[in-house]
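J.: My questions concern the predicted model and sequence given below.
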Amino acid sequence: MMTTAKRNRRKSDADEANGAFSKLLPLLKEARPALGASLTVAGVVVALWGVVLVLDRPIATVEVGGQFQRVAPVQIEEAVATFRGAGFLSVNLDSLQSALETIPWIDRARVERRWPNGVRVMITEHVPAARWGDDGLMNTRGELFLRGARHLPPELPQLIGPDGKEDEVAQLYLKTYPRLLTVGMRLSKVELDPRGAWQLTLANGVIVRLGRQDVEARLERFIRVASPMVAARTGEVGYVDLRYSNGFSVGWNAPATRVAHDARDAHDDKDATPDA
């Protein structure tokens, strides 16, 4: 038979449980909207993830467009091959673009997705504008994009200089070429020697020595003062040396004599010594 003490203890435990539940019930009612929203968001996420899994099918086709002649299709295929296992949505287009632009003749590559499981690649080739040294090619921006070229277009101007000076030589060429065109002369070669001295060669074979100092001023002196004489006596002039403070000297092809010319007063100065 249950004692009075046991009955009282059970009644006390039941009252405590009922009290705890009565306190928890309002909290559950307050949390119900938040729990409902969380379950809704979770459902949306799961649905979207399912859609991604369905759409992110492996890349199966690669479409290549653009005007290019130097780039071989097999080079593009090799660059794209490692990305074929990637998904349509998850493929890294920036990495694919970078891989394509490592191909020597490719200047720019644009990559975009093509529904439902392909990518489209648009290729732009470098346009060669000058030769660098014996076997290099530079583009229209003066960037050296290819070394060890087997076939160099002979009509392109040649730029020569120490390693690491490609940009400096290219910039002088890009600035000088149009200025010489204004006086009817075409630039065929720009040289920078290891000592830092500049020399130009015109299409008619005349050499223009600019030296190391005041290169811009000396070039302007040639264009303004010496170029009319060179144009008037094409075939007679071998070189024009502008390494003087105020004048220049001329080397003649025939007869083989050297005549110094002062740009200020046009008098001969056979004792003049060129600056650096």
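T.: Sure thing, it's come through.

J.: Other residues contacting stretch 219-234?
T.: Stretch 219-234 is contacted by residues 176, 179-180, 182-185, 202, 204, 206, 208, 210, 237, 240, 242, 248, 250, 261, 263 when judged by Cβ atoms under 8 Å, 6 or more residues apart in numbering. Using the backbone N, CA and C atoms, a C-beta is placed for each residue, glycine as well.

J.: so of these, which ones are in helices?
T.: Of those, the ones assigned to helices by DSSP state H are 176, 179-180.

J.: Could you dump the residues you listed into TSV with distance to Ile103 and pLDDT added?
T.: As requested, these are exported to TSV (distance: Cβ to Cβ, whole Å; pLDDT from 0 to 100):
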residue	distance to Ile103	pLDDT
Thr176	32	96
Arg179	35	96
Leu180	35	97
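
J.: still on that earlier bit, from the contacts of stretch 219-234, list the buried ones, please.
T.: Among the contacts of stretch 219-234, those buried by neighbour count (16 or more other Cβ atoms under 10 Å) are 176, 180, 185, 202, 206, 208, 210, 237, 240, 242, 248, 250, 261, 263.

J.: what two of those residues have the greatest distance between them?
T.: Using Cβ to Cβ, the buried ones among the contacts of stretch 219-234 span at most 21.4 Å, a distance reached by Thr176 and His261.

J.: Can you tell me which of the buried ones among the contacts of stretch 219-234 is closest to Ala60?
T.: Taking the buried ones among the contacts of stretch 219-234 together and measuring to Ala60 by Cβ to Cβ, the closest member is Thr176, at 51.8 Å.

J.: I'd say that closest one and Val190 touch.
T.: Yes: contact criterion Cβ atoms under 8 Å: Thr176 and Val190 qualify, at 7.1 Å.

J.: Need the residues touching each of these two.
T.: Residues touching both Thr176 and Val190 (Cβ under 8 Å, 6+ apart) are Leu200.

J.: Tell me which residue is most central in this structure.
T.: Asp107 (7.3 Å; Cα atoms, centre = their mean).

J.: Name the helix or strand for that residue, please.
T.: Element membership of Asp107, judged by DSSP states H and E, is strand 106-114.

J.: Neighbouring strands - and their directions - for that strand?
T.: Here strand 106-114 has these sheet partners by DSSP bridges: strand 118-125 (antiparallel).

J.: Going toward the C-terminus from the strand it pairs with, what's the next helix or strand?
T.: Next along the chain after strand 118-125, taking DSSP H and E as the criterion, comes strand 128-132.

J.: can you list contacts of that following strand?
T.: Residues from elsewhere that reach strand 128-132 (Cβ under 8 Å, 6+ apart): 137-140, 142, 144, 147, 152-153, 156-160, 166, 170, 173.

J.: Do me a favour and average the pLDDT over it.
T.: Regarding strand 128-132, the rounded mean pLDDT is 96.

J.: Might you calculate how far it sits from the centre of the chain?
T.: 16 Å (Cα atoms, centre = their mean, to the nearest Å).

J.: Give the next helix or strand downstream of that strand.
T.: strand 136-139.

J.: can you give me how far that following strand is from the chain middle?
T.: 13 Å.

J.: and that strand, C-alpha only, in CSV?
T.: Extracted C-alpha coordinates of strand 136-139, given in CSV (Å, rounded to 0.1, in the frame of the first residue of the first chain):
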residue,chain,number,x,y,z
GLY,A,136,61.1,38.2,-82.3
LEU,A,137,57.8,39.8,-83.1
MET,A,138,56.1,42.8,-81.5
ASN,A,139,52.4,43.8,-81.7
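
J.: partners of the first helix or strand past that strand going along the chain, with directions?
T.: Using DSSP H and E, the helix or strand that follows strand 136-139 in sequence is strand 144-146. Paired with strand 144-146 in the same sheet, following DSSP bridges, are strand 136-139 (antiparallel).

J.: Averaged pLDDT, the partner strand. What do you get?
T.: Strand 136-139 shows a mean pLDDT of 96.

J.: which other residues reach it?
T.: 107, 126-132, 144-149, 152, 156, 159, 166, 170.

J.: which of those residues are buried?
T.: Buried, going by 16+ other Cβ under 10 Å: 107, 126, 128-132, 144-146, 149, 152, 159, 166, 170, out of these.

J.: sorry, back to before: enumerate the positions of the strand holding Asp107 that are buried.
T.: For strand 106-114, the neighbour count (16+ other Cβ under 10 Å) marks 106-107, 109, 111 as buried.
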